[in-house]
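> whatever this is, show me its structure:
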Amino acid sequence: MLCAAGAKASTMTTIVDPRTLPVTSELAQRLQRHVAVLASPDLQGRKPGTEGNRKAAQYIAGQFREIGLEPLTSLGSYRQPLAGELGDTLIGMRPASGRPGAAPWLLIGAHFDHLGGNYLGADDNASAIGILLETARAMPALAHHHLLFVAFNAEEPPYIRTPLMGSQQFVDHLPKEIASLSHFQAVIIMDLMGGVHWTPLQDTIFAAGAETSPGLYRRLTEMVRSKELGVRSEDKPNTSRLTPHTSRLTVLPLGMHLIEELPLVGRTSFSDYDAFRNAGVPFLFLSAGRTPRYHQPSDLPDTLHYERMAATVSWLQRLLPAVDGDREPYRIERNRMELVDDIATLRLLATQAAREDSEIPGTSILSRLKMKTDAQWLRALDVEKATADDIRRLERLSLRMQCLLADFPACFLL
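Numbering: from 1, shown residues only. Here you go, the predicted model:
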């Protein structure tokens, strides 16, 4: 990184050391235990086709059994075998209480595999599996929708965006009980849910993808704007975080186009939501985003924010019954955007990142100059008059911030 001489000292205060974060609630401690098992050296990084991957699948199946999820009859167990001896995807259900049989489905999913070797994958993606398990434990049966909890396998390279990806195999070989992808009301996919690096994002997760489904987006924004979700920095301008209390959670909507559109590459998907999106299923993608520990041996259990993960479980406990109240099927509008919320989210983040006392750690001189220019531009941007060039600039700004947060080289080039 090209850092100014005084930049490191000024940004040290914006770096979160996750080892200093308390883990006091019973729920957070359970999440910590799940991650400790799944990201232990004994499982050797959970690479598909390995003994460590099989042990992880065994652990998840055991948790499904303990929680009281039901296996699908057509599978005969919690396991859906994958092609090529890669292992299994794990599937458990909680039937709707008011509509036995032909009720629509809500799927909550996350992948459990990782890169293998000394890449143990605590954040990627043991964190999301822990949230999936504890959400399944906390959720009673819904009245109108079957709940399906799925731990996908084979998401990491070289399987991602190929027919061998576990979520793609699930879509291509749908269990008989579901019968048709049209029977999914919505799919919620989680990835990278525990990482924390920049103080303003300490108690924040991002919600993407729902903007393509007006009904699902309505439910999401109802939850996001709930007073229970905390106070944002524009309401308390002296705070250094978007959420001032660790017991609260800020959920920021962000369009998928701001995450996926890569310079010189084009639109590139990053997780299991893609198989469902391509099949026209309404989806919500939740993530805390990348940190410098992404796909590194330093992605270890003591680098996660367990109380924020616990708050996410509680948030899902409120979201799922709200979605259950919608009886009409959600529809998909593939190119739909919510620019008002996109701009509001980026304006909030860029304002923090442009300040020297709260900039993203490692920000270079050139990146800082670009961030300040973009923050000023965002403050003046009229969403009613936004052009295609404005949208492309929003995408570049989003990618520059993601690059800085993950400590990738040459962020100033974006």
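
> what about the closest residue to A141 other than its chain neighbours, which SS state?
If you skip the residues right next to it in sequence, A141 has S97 as its closest partner in space, 4.0 Å away by C-beta to C-beta, 6 or more residues apart in numbering. Quick note: C-beta positions are derived from backbone N, CA and C, even for glycine. Each residue gets one of three states, and S97 gets coil by DSSP: H, G, I helix; E, B strand; the rest coil.

> begin at 17 from now on, thanks
Okay, using 17 as the starting number, the last item reads as S113.

> can you get me a residue count around S113?
12 (other C-beta atoms under 10 Å).

> hmm, M155 and it touching each other?
No: counting by C-beta atoms under 8 Å, S113 does not reach M155; the two are 11.5 Å apart.

> overlap in contacts, those two.
Among the neighbours of S113, none is also in contact with M155 (C-beta atoms under 8 Å, 6 or more residues apart in numbering).

> if we can go back for a sec, show the contacting residues for the residue nearest to A157.
Neighbour list for S113: P156, A157, L158, A159 [criterion: C-beta under 8 Å, 6+ apart].

> can you check P156 too?
With the criterion set at C-beta under 8 Å, 6+ apart, P156 makes contact with R110, S113.

> how close does it get to L106?
In this view, P156 and L106 are 21 Å apart by C-beta to C-beta, to the nearest Å.

> cool, and G305?
Counting by C-beta to C-beta, the separation of G305 from L106 is 25 Å.

> what does P313 give?
P313 sits at a distance of 26 Å from L106 (criterion: C-beta to C-beta).

> run a quick neighbour tally on N351.
Residues within reach of N351, counting by other C-beta under 10 Å, total 6.

> excluding chain neighbours, what is closest to it?
Using C-beta to C-beta, 6+ apart, the closest residue to N351 is T228 (7.7 Å).

> hmm, the one you found is touching E349, no?
Yes: under the criterion of C-beta under 8 Å, T228 lies in contact with E349, with a separation of 5.7 Å.

> compare neighbour counts for the two and give me the winner.
Remark: of T228 and E349, T228 carries more neighbours, 24 against 10, as counted by other C-beta under 10 Å.

> where does this structure dip in pLDDT?
Within the chain, the segments meeting pLDDT under 70 span 17-29, 115-117, 242-263, 278-282, 426-430.

> nearest the geometric middle of it, what residue?
Centre of the chain computed as the mean C-alpha position; nearest residue by C-alpha atoms, centre = their mean is S303, 2.1 Å away.

> so what's it bridging to?
Legend: beta-bridge partners of S303 under DSSP bridges are F222.

> show me where the stretch 117-266 of the chain has its strands.
For the stretch 117-266 of the chain, the strands defined by DSSP state E, counting those that start in this stretch occupy 121-127, 162-168, 200-206, 220-224, 266-269.

> make TSV out of those strands and add distance to A291.
Formatted as TSV, the entries for the strands of the stretch 117-266 of the chain read as follows, by distance: least, C-beta to C-beta, whole Å:
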stretch	distance to A291
strand 121-127	10
strand 162-168	9
strand 200-206	9
strand 220-224	16
strand 266-269	22
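
> quick one, which of those strands gets closest to K401.
The closest of the strands of the stretch 117-266 of the chain to K401 is strand 266-269. By C-beta to C-beta, the value is 21.0 Å.

> ok, that closest one: who's next to it in the sheet?
Per DSSP bridges, strand 266-269 is paired in its sheet with strand 220-224 (parallel).

> how far off centre is the strand it pairs with?
Centroid separation between strand 220-224 and its chain, computed with C-alpha atoms, centre = their mean, to the nearest Å, is 7 Å.

> so what touches that strand?
Under the criterion C-beta under 8 Å, 6+ apart, external residues in contact with strand 220-224 comprise 209, 236, 240, 258-259, 265-272, 274-275, 300-305, 324, 328, 361.

> angle of it against strand 200-206?
Interaxial angle, strand 220-224 versus strand 200-206 (axes from the mean of the first three to the mean of the last three C-alpha atoms, to 10 degrees): 140 degrees.

> list the contacts of A369.
In this structure, A369 makes contact with P216, E375, I376, T379, M387, A391, M417, L420, judged by C-beta under 8 Å, 6+ apart.

> no wait, E227
Residues in contact with E227, defined by C-beta under 8 Å, 6+ apart, are Y233, P269, G271, M272, R352, M353, E354, D357.

> so the third one sits against D358, correct?
Yes: judged on C-beta under 8 Å, G271 makes contact with D358 at a distance of 4.9 Å.
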